[in-house]
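Student: Below: sequence and its predicted model.
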Amino acid sequence: MAITRDEVLHVARLARLELRDDEVERFTEQLSAILEAVAKVSELDLTGVEPTAHPLDLLNVWAEDVPRPCLPQGDALANAPDHEAGFFKVPPI
Amino acid sequence: MIDTLRLTAEEAMGLLERREVSAAELHRAYLDAIGERDSELHAYLRTVEEPEGKGVPIAFKDLISTRGVETTAGSKILSGYLPVYDATVATRCKAAGMSLLGKTNMDEFAMGSSTENSAFGPTRNPWDLERVPGGSSGGSAAAVAAGLAPWALGSDTGGSVKQPASLCGIVGLRPTYGTVSRYGIVAFASSLDQIGPMTKTVRDNALLYRILAGRDPEDTTTVELPNPVEIPEREDLKGIRVGVPRELNEAEGIEPGVKEIAQRTIELCRELGAEVGETSLPRSVDYGLACYYLIAPSEASSNLARYDGVRYGLRVNGSNVREMYDRTRDAGFGDEPKRRIMLGTYALSAGYYEAYYGQAQKVRTVIADEHAAAFENFDVLVSPTSPTVAFKLGEKAENPLAMYLSDVLTIPSNIAGLPGLSIPCGLSDGLPVGFQLIGPQFSENTLFHVGHALERAIGFDFVPGRLK
């Protein structure tokens, strides 16, 4: 299963990656080879088999609904590339 | 004089208890060893000078959040990141008196099998500097093997504890999914990621696992252990049923030297009193790799969406927020995370979801069922951990698929959420070979028992030849 250059650019856009030209070329080739290998899963007839999302049989794990201290604002902002007046700051939307 | 190359964590505890050395002296001895040997290995990304605890020190893979100590997950995108809280495993180690020696090198975001994908340069194998230590927990494995830490933590998604343990001649446990908290761990593939102990001996491994395991309210995927962790003592295998899955032991690509030593170890199980029989996992090995390389990248593409230059990590500015995201992620991620993000995004995108991710989740059920069936007749399943001994730096760097095959024997049981222990079982061409023991969920005590008995009988010398 080959992936085209246009598909690579489309996926990169979905994944918010601005690829350089040389990356587009390299990834088109490498992703085609990887997709060919993983497409093997479609060889199996799995009609009636339930999917597994998680290896443990856990359902509805609730936390007790009690207030407790959370991360102080200063800590939450400590690693931000830019912030102002207690908010994360980003370029114009 | 403390010989950090030979000293096990258990022996170090004894020295502390008998007050033959202080915690500060012990910490200093490891820092001195790091100063002496790590320039050629590059196992550590950074070290911590001052011991905090009164116990045996430890090294953490650099995806474990440590308050105030830089945590990068081997990525440029997290360069300079200073966590404001400790991961639960760090808190538990601290509560047990351990002091942090430093943070170890790894493949970026734990994606890789050689530690060559680190944004900060590769780690080298203490047995042969031309070779990789395995990965992605290659820094932790090399540190323990070279006496630069008495023990260390790694993380294992597709084999990232077991495979480097195998390539560096140490003991590595991938615990049952859900037994060790992942709160504060940089996430890769959440339905597979587990933190595991990397040690010189099986007893050290059990001692460390006992500290790590148990439910954590901060991680809702964790559970309480059904039984307390036992530190193994028995040296026979009477009453243990050892299954040898054909597909795991005869897989294409297993080197003859590796196969021979694994066969000898299987024979040793019999000599120690185990019942040994052949079994089969017909589809687990054939389809495991494909299943894994759909599920793990899909989950990674979602987990790595958080690196957007807003709240932490690298930012490359743009004229608008969209441009800032795109530039930040292109500059911050290396090739392997990009490949996996792209692969996962593709597998989850409209029109492909059912054929790829949906189908892989069903294969996952098949693989879990096959293992469960094998465990009706056997207590442990065994195989080589890695098809090869440590390979040369650069050998697989240009071919992602060849690199992925390094984990072909560790992936199937990981997909099923099962625990696996790798112990060194001999040398092939002077390089360590690892033996993988797989058990049903929560069977760590059995794995420790079998691992310990084999370790005693094998008498493997974990000190790398070139350092003796």
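Tutor: Noted; the coordinates are in hand. Numbering: from 1, shown residues only, chains lettered A, B, ... in the order given.
Student: hang on, B:Val21 packs against B:Met13?
Tutor: No - B:Val21 is not in contact with B:Met13 according to C-beta atoms under 8 Å; the separation is 10.8 Å. C-beta here means a position set from N, CA and C on the backbone, and glycine is covered the same way.
Student: Residue 64: neighbour count?
Tutor: Answering for chain A, as no chain was given. Using other C-beta atoms under 10 Å in any protein chain shown, A:Glu64 is surrounded by 6 other residues.
Student: To clarify, I was referring to chain B.
Tutor: By other C-beta under 10 Å, neighbour count at B:Ile64 equals 28.
Student: same deal with A:Pro92?
Tutor: Per other C-beta under 10 Å, the neighbour tally for A:Pro92 reads 10.
Student: pLDDT at the closest residue to it other than its chain neighbours, what is it?
Tutor: Of all residues not flanking A:Pro92 in the chain, B:Asn320 sits nearest, at 5.3 Å (C-beta to C-beta, 6 or more residues apart in numbering or on different chains). Predicted confidence (pLDDT) at B:Asn320: the value is 97.
Student: any idea how far B:Asn320 is from A:Ile93?
Tutor: Look at B:Asn320 and A:Ile93: by C-beta to C-beta, to the nearest Å, they are 7 Å apart.
Student: Looking at these two, which one has more neighbours?
Tutor: The neighbour comparison of B:Asn320 against A:Ile93 (other C-beta under 10 Å) goes to B:Asn320, with 11 against 6.
Student: tell me the contacts of that one?
Tutor: Going by C-beta atoms under 8 Å, 6 or more residues apart in numbering or on different chains, B:Asn320 touches A:91-93.
Student: Name the SS class of B:Val276, please.
Tutor: Secondary structure state of B:Val276, per DSSP: H, G, I helix; E, B strand; the rest coil, is strand.
Student: pLDDT value on it, please?
Tutor: Per-residue confidence for B:Val276 comes out at a pLDDT of 98.
Student: before we move on, what about A:Met1?
Tutor: 60.
Student: now do the one 4 residues further on
Tutor: A:Arg5 carries a pLDDT score of 95 in this model.
Student: So it sits against A:Glu23, correct?
Tutor: No - taking contacts as C-beta under 8 Å, A:Arg5 lies outside contact range of A:Glu23: 11.5 Å.
Student: Neighbour count: these two, which is higher?
Tutor: A:Glu23 (18 against 11).
Student: can you tell me which residues contact that one?
Tutor: By C-beta under 8 Å, 6+ apart, A:Glu23 lies in contact with B:335, B:338.
Student: measure it to A:Ser32 for me?
Tutor: 14 Å.
Student: Phi, psi for B:Ala73 please.
Tutor: When read as degrees, to the nearest 10, the backbone of B:Ala73 gives phi 50, psi 30.
Student: Would you check how far apart it and B:Gly112 are?
Tutor: Going from B:Ala73 to B:Gly112 by C-beta to C-beta gives 12 Å.
Student: Tell me the secondary structure at whatever residue of chain A ends up closest to chain B.
Tutor: Nearest residue of chain A to chain B: A:Pro55, at 2.4 Å (C-beta to the nearest C-beta). Assigned by three-state DSSP, the conformation of A:Pro55 is coil.
Student: where are the low-confidence patches of chain A?
Tutor: Along chain A, the model assigns pLDDT under 70 to residues A:1.
Student: Spatially central residue for it, please.
Tutor: In chain A, the centroid-proximal residue (C-alpha atoms, centre = their mean) is A:Ala15; its distance is 7.5 Å.
Student: check contacts around the residue in chain B positioned nearest to chain A.
Tutor: Distances between chain B and chain A by C-beta to the nearest C-beta are smallest at B:Gly417, namely 2.4 Å. Taking C-beta under 8 Å, 6+ apart, we find B:Gly417 in contact with A:55-56, B:176-178, B:368, B:441.
Student: Quick check: next helix or strand after the helix of greatest length in chain A?
Tutor: Longest helix in chain A, counting residues (DSSP state H): helix A:21-38. For helix A:21-38, the following helix or strand on the C-terminal side (DSSP states H and E) is helix A:73-77.
Student: contacts for the following helix or strand past that following helix?
Tutor: The first helix or strand that comes after helix A:73-77 along the chain, using DSSP H and E, is strand A:83-84. Outside of strand A:83-84, the residues within contact range by C-beta under 8 Å, 6+ apart are A:77, A:89.
Student: ok, then the element right after strand A:83-84?
Tutor: Note on strand A:83-84: by DSSP H and E, the next helix or strand toward the C-terminus is strand A:87-88.
Student: and that next one, does that touch chain B?
Tutor: Yes - using C-beta under 8 Å from any C-beta of the partner chain, strand A:87-88 reaches chain B at A:Phe88.
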